[in-house]
Every structure is written in C-alpha cells, then in structure tokens.
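1. The following block contains a protein sequence and its predicted model.
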Amino acid sequence: MNAVLGGTFDPIHDGHLHLIRSLIKKFDFEKFFIVPAGQNPLKSQRPLANAQQRLEMVQLAVESLGPRMEVLDWEVKAPPPSYTVDTLERLHQSGVGPLTLIMGDDVYRGFDGWKDPDRIRELATLLIVTRTGQADPAQRIATFELDALPYSATELRNQLYNFWKTNGLTPRPSGLPDSVWAFIKEKELYTELPT
C-alpha cells in the first residue's frame with residue numbers, strides 16, 4: 001500500500017508533518033508520496049510562494065521522516081493546472097500500487113468537483129482524515145481520525161506577513177519546521193498578503 005498526499009503546502013507546517021507521522025504509525029505504507037501542486041485549479045488565489053519554493057520547503061520538511069518518503073515534483077514541473085487524476089495515472093502506469101489517496105474531510109466535501117473523480121476512485125482508495133470517524137467502504141473510502149494540531153497555512157501566512165511588517169519584532173510563527181523557517185527567512189517569503 002502506497003500513500004499519496006497532495007496539497008499547495010503554502011507553506012508546509014507542523015500540522016502536515018503531524019498528519020504524516022500519524023499515518024505512518026497507523027499504516028504500513030511501502031512508500032509515502034508527497035505531491036506539491038503546481039497550480040490548484042479549484043483555488044482562485046495563487047500561492048504566495050512559487051511552485052519551486054513550495055517544493056523545496058516540502059523537501060526540507062520531510063527529509064527527516066525516513067526513506068519511505070518521496071517528494072514528487074511532477075505537478076510542479078507540469079503545465080498548469082495540476083490534476084490529481086494525472087498524478088495517480090502516472091503512478092499507476094509506473095507500476096506503483098495499490099494507491100491510497102489522503103485528503104482532509106474539508107477537501108473531500110468538494111471532491112465531486114475534481115477532474116474525473118470516478119477515475120480517481122478506480123485508481124486509489126480514498127483515505128479521509130476526519131474527526132467524525134465515519135466511513136463508506138462501498139465507495140472505496142476509509143477514514144482516519146486525527147487529533148489535529150492547531151495550525152493552518154492561512155494563519156501562518158498572516159503571521160509571517162506580520163513578522164516582516166514589524167521588521168522581525170513579532171515572535172516567530174509557531175508551527176513551522178526549523179528547516180522551513182530558515183528557508184522562508186532566507187528567501188524572504190510571505191512579505192505580502194494575497195490580493
């Protein structure tokens with residue numbers, strides 16, 4: 001069984017890493033693929049960090065999680081927009097399987113609006129991270145109840161903006177891995193809010 005976790009990761013934070021560690025502990029995944037999106041077709045606002053920067057932050061954040069972790073740059077390097085079904089097809093064609101696609105219950109609520117959701121269900125079992133614990137095995141869906149950490153990328157972007165706006169006089173935002181924080185400071189990311 002191989003896990004696939006996609007996302008914008010703008011930026012990746014401790015909440016993401018807590019999820020990954022919890023899933024690795026619960027399930028014996030052969031590989032755990034992290035797939036930063038180049039451009040999410042369902043989000044009207046563009047990420048503040050560019051695709052290459054978000055890819056590098058993900059690579060820095062997960063390098064300590066072990067040899068089963070693999071960061072795929074496919075969606076970052078492909079022409080936009082990014083579609084999960086294309087990534088799953090590519091993994092399937094390369095002989096990787098079976099696949100488990102991981103998503104939050106908030107994301108799953110809009111799943112039927114994704115490109116070719118029926119094909120996604122054929123290519124992968126859906127693992128929905130939820131607090132309700134409900135499952136629907138008839139739809140190739142499983143759930144994983146997570147005691148989530150209180151971090152969101154939106155709130156972290158706001159805190160980072162305030163950090164830069166005050167010339168570093170506000171505290172460092174909590175919830176960022178040290179390597180990601182160093183990268184953000186080096187590249188001076190998140191100095192603006194989305195318009």
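-> That came through, no problem. Numbering: from 1, shown residues only.

2. and Met57, helix, strand or coil?
-> Secondary structure of Met57, reduced to three states by DSSP: H, G, I helix; E, B strand; the rest coil: helix.

3. Ignore what I typed, I meant Met103.
-> strand.

4. go on, Arg157?
-> helix.

5. So Gln159 sits against Pro173, correct?
-> Yes - counting by C-beta atoms under 8 Å, Pro173 is a contact partner of Gln159 at 3.8 Å. C-beta here means a position set from N, CA and C on the backbone, and glycine is covered the same way.

6. Which one of those two is surrounded by more residues?
-> Neighbours per residue, other C-beta atoms under 10 Å: of Gln159 and Pro173, the larger number sits with Pro173, 21 against 17.

7. Tell me the spacing between that one and Asp147.
-> 21 Å (C-beta to C-beta, to the nearest Å).

8. What of Leu127?
-> Distance of Leu127 to Asp147, computed by C-beta to C-beta: 16 Å.

9. next one: Lys185
-> Where Asp147 is concerned, Lys185 sits at a distance of 30 Å (C-beta to C-beta).

10. Specify which residue of these two has the higher count of neighbours.
-> Higher neighbour count among Lys185 and Asp147: Lys185, with 14 against 7, using other C-beta under 10 Å.

11. secondary structure element for the more buried one?
-> Here Lys185, judged by DSSP states H and E, is contained in helix 178-187.

12. Need the residues that contact that helix.
-> 11-13, 49, 53, 56-57, 60-61, 63, 160, 172-173, 176, 189-190 (C-beta atoms under 8 Å, 6 or more residues apart in numbering).

13. Might you list the low-confidence residue ranges for this structure?
-> Applying pLDDT under 70 to the chain picks out residues 42, 44, 131-141, 194-195.

14. Swap in 80 and give it another go.
-> 40-46, 130-149, 168-170, 194-195 (pLDDT under 80).

15. Please report how far the closest residue to Leu99 other than its chain neighbours lies from Thr130.
-> Among residues not flanking Leu99 along the chain, Ala124 sits closest, at 3.9 Å (C-beta to C-beta, 6 or more residues apart in numbering). Going from Ala124 to Thr130 by C-beta to C-beta gives 17 Å.
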